[in-house]
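Trainee: Let's see this in three dimensions:
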Amino acid sequence: MAVPTYTSDLSSGIITNVETNTGTWSEFTAYSVGGTPVTNETDYFIQGANCTSATASKTGLASIAFDNATGVTIPTDGAVFVWQYFAAPNVLAAETAGGLRIIVGADISNANAWVVGGNDFAPNPYGGWNNVAVNPAGVTADYTHSNGNGGTYRWFGSGLSVGPGSVGKGNPHGIDAIRYGRGESRFANGSVGEGAATFAGFAATNDSISNRWGLMQAIAGGYKVKGLVVFGYVSAVYFVDSNANLFIDNTKKVTAGFNAFEVRQAGSTVSLTAVNITALGTVSRGNWITTDNATVTLTSCVFTDMGTFTFQSLTTVTLCTFRRCNLVTRGNATITNTTFDKTNNATKALLLRDPTRALTGCTFIKPTATSHAIEITEASATAYTFTNCNFTGYAATNGSTGNEVIYNNSGGAVTINHTGTTGGDITVKNEGVSTTTVLGSISITITVKDEANANINGAFVYIDENDNSPFIMNTTTSSGVATGSYSGASSSGTLRVRKYGYKPFKGTVDLTSAINQGIVLIADPQQV
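Mentor: Numbers count the residues shown, from 1 in each chain. Sure, this is the predicted structure:
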């Protein structure tokens, strides 16, 4: 592999970079109190060396509009990306009254507008530049002017609803580079020798004044991210990063699938350690999509308020937390010592597949709303193994409340073998003809002594299911103690203890809970 490369589709999806100003600048007909836009504004800009500005000295609707001369096509889950500036957000109308808007029109009169802020919600509450994403093809407009754009996206601009009050001097309203596309942050290449791709590497390219894509911005304490992060664009990527904080932008005027992290190319390596990803909004929470079965390692990561996660067999998730996220689909991944904290899914936290891989050391914390911990959809007498898992807050008995630990929706017979379970019993809801057998493993400790309370070594200890083979325990004592475990369906068994020189012991043991039993063997003079 070569050195890491960082690119974006927005580098070619340019409507205007506000540098040459060869296009037409004006105001939308319905937004005309701002005055003629001033091009080649060099007092403040975010990208390149210029922006376009306008006054805001009157109350009412104002705008800065650019004619692209031809319409553009917005890709699925894509957007128009606009650098928008307003220096005095306190004079705007509230968000609910459309204080700050992005406008897309077929022409200067027929346009639609989407609200992106106001005096009570400004993307930058202290004034200044903000990169705003709006999908005019996939999101219903908040305002329609004349006949609306009719699906033709040719004129683009920033709109204000000014008042009460206004700005008496200067040009506080600004607009810089306008782009469109899927909004892809593309990571490729990298190697052990050439160095790994990292979030910091992409952010440095993104934040270059000649780019300023607005996709992965370096901010205090981490990175503000939006759009589609592609690990392995065209070429496989070697990506390794740790101790990073990512904040998914609160993008209110896009489709649900707009924010996402996608793994591509089977030869890719994606390793995240102690990386925290937090969604700031709810419209597009940020999904994790493992498209190709690359080597993905997630260790000690925390995902908060995000969307769905889908994994494949070469994914390993260890010591992670999914907090208030949507559904996690395990696929064939290995998930160990991971917490599913109050899922945001309406039915379950984890969709479990591949019974060959045990679920080990995982904790499930039920949300306030009705929810299962795990749903199973694979049928045909499938057996799953849970080891040292914790289930907190779920229904204590089997039933159909929707709060049981397991939701068997497979239409077949499922067996759950579990050991070391804490927090609550593994309860089940069976859908339709589905059946579930829960087999818990119990520990068995048998201590054998003589009449003088001395340990008897080498005593034979047997437990079977009430005289039926096979043996549940078949061993001898060491220092007077025999140990074992059991995970079967029987509720009781037969215990036998024998040692030459002692009378044999026979009794019944309860197999529904841990066994810790002492046995005293009586000396048999006839065998001495």
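Trainee: which SSE is Ser490 in?
Mentor: Assigned by DSSP states H and E, Ser490 belongs to no helix or strand.
Trainee: okay, now it: neighbour count?
Mentor: Look at Ser490: counted by other C-beta atoms under 10 Å, it has 13 neighbours. (Each C-beta comes from the backbone N, C-alpha and C, glycine too.)
Trainee: what's the neighbour count on Ile456?
Mentor: 19.
Trainee: any idea what the nearest residue to it once chain neighbours are set aside is structurally, helix, strand or coil?
Mentor: With sequence-adjacent residues excluded and distances taken as C-beta to C-beta, 6 or more residues apart in numbering, Ile456 is closest to Val448, at 4.7 Å. Of the three states, Val448 takes strand according to DSSP: H, G, I helix; E, B strand; the rest coil.
Trainee: Show the contacting residues for the residue positioned nearest the centre of the chain.
Mentor: Nearest residue to the geometric centre of the chain (C-alpha atoms, centre = their mean): Met306, 4.1 Å. Met306 makes contact with Ile248, Ile277, Thr278, Ala279, Arg285, Gly286, Asn287, Trp288, Phe322, Cys325, Asn326, according to C-beta atoms under 8 Å, 6 or more residues apart in numbering.
Trainee: try it again with 10 Å
Mentor: Contact analysis of Met306 by C-beta atoms under 10 Å, 6 or more residues apart in numbering lists 248, 259-261, 277-279, 285-288, 322-326, 328, 344.
Trainee: can you tell me which of these are in strands?
Mentor: Judged by DSSP state E, the contacts of Met306 include Ile248, Ala260, Phe261, Ile277, Thr278, Ala279, Asn287, Trp288, Phe322, Arg323, Val328 as members of strands.
Trainee: Counting neighbours, what do you get for the nearest residue to the last one once chain neighbours are set aside?
Mentor: In space, not counting the residues next to it along the chain, Val328 is nearest to Phe309; the distance is 4.5 Å by C-beta to C-beta, 6+ apart. Counted with other C-beta under 10 Å, the burial measure for Phe309 works out to 27 neighbours.
Trainee: Who does Phe309 form a beta bridge with?
Mentor: Counting by DSSP bridges, Phe309 forms beta bridges with Trp288, Val328.
Trainee: what about it, distance to Phe303?
Mentor: 7 Å (C-beta to C-beta, to the nearest Å).
Trainee: And the helices in this protein?
Mentor: 199-206 (DSSP state H).
Trainee: shaky segments in the stretch 301-450 of the chain?
Mentor: 380-381 (pLDDT under 70).
Trainee: And Gly174, what's its pLDDT?
Mentor: Gly174 is assigned a pLDDT of 97 by the prediction.
Trainee: Repeat that for the one 4 residues further on.
Mentor: Note for Ile178: predicted pLDDT of 98.
Trainee: can you check the one 5 residues further on too?
Mentor: The model reports Gly183 with a pLDDT of 98.
Trainee: Does it touch Val254 like I think?
Mentor: Yes: counting by C-beta atoms under 10 Å, Gly183 touches Val254, with 8.9 Å between them.
Trainee: neighbour-wise, which of these two wins?
Mentor: Gly183 (31 against 25).
Trainee: returning to what we had before: so the residue nearest to Val328 touches Ile289, yeah?
Mentor: Yes: Phe309 lies in contact with Ile289 (C-beta under 10 Å); the separation is 8.4 Å.
Trainee: any shared contact partners between the two?
Mentor: Joint contacts of Phe309 and Ile289 (C-beta under 10 Å, 6+ apart) are Phe261.
Trainee: ends of stretch 393-408, how far apart?
Mentor: End-to-end span of stretch 393-408 (C-alpha to C-alpha, to the nearest Å): 19 Å.
Trainee: Could you give the separation of that stretch from the chain centroid?
Mentor: How far stretch 393-408 lies from its chain's middle: 24 Å, per C-alpha atoms, centre = their mean, to the nearest Å.
Trainee: Could you do stretch 193-209 as well?
Mentor: 23 Å.
Trainee: gap between the two ends of that stretch?
Mentor: For stretch 193-209, the end-to-end distance is 29 Å (C-alpha to C-alpha).
Trainee: May I see the buried residues of that stretch?
Mentor: Ala196, Ala197, Thr198, Phe199, Gly201, Phe202, Ala203, Thr205, Asn206, Asp207 (16 or more other C-beta atoms under 10 Å).
Trainee: among those, which two are most distant?
Mentor: Across the buried residues of stretch 193-209, the longest distance by C-beta to C-beta is 19.5 Å; it joins Ala196 and Asp207.
Trainee: how far does stretch 315-334 stretch from start to finish?
Mentor: For stretch 315-334, the end-to-end distance is 6 Å (C-alpha to C-alpha).
Trainee: Over to stretch 12-29?
Mentor: 30 Å.
Trainee: same check, this time on stretch 236-247
Mentor: End-to-end distance (C-alpha to C-alpha), stretch 236-247: 25 Å.
Trainee: do stretch 459-474 as well
Mentor: 11 Å.
Trainee: cool, and stretch 50-68?
Mentor: Stretch 50-68 has an end-to-end distance of 18 Å (C-alpha to C-alpha).
Trainee: Buried ones in it, by neighbour count?
Mentor: 50-57, 61-68.
Trainee: what do you get for stretch 350-366?
Mentor: 350-353, 355, 357-366.
Trainee: Give me the domain ranges for the chain.
Mentor: The record's domain parsing of the chain by automatic domain parsing lists 7-181, 184-326, 442-527.
Trainee: what residues are shared contacts of Phe309 and Phe303?
Mentor: Common neighbours of Phe309 and Phe303 (C-beta under 10 Å, 6+ apart) are Phe261, Gly286, Trp288, Cys320, Phe322, Cys325, Val328.
Trainee: so what pLDDT did Thr20 get?
Mentor: As predicted, Thr20 sits at a pLDDT of 78.
Trainee: number of nearby residues for it?
Mentor: 11.
Trainee: Equivalent analysis for Lys224, please.
Mentor: There are 18 residues near Lys224, going by other C-beta under 10 Å.
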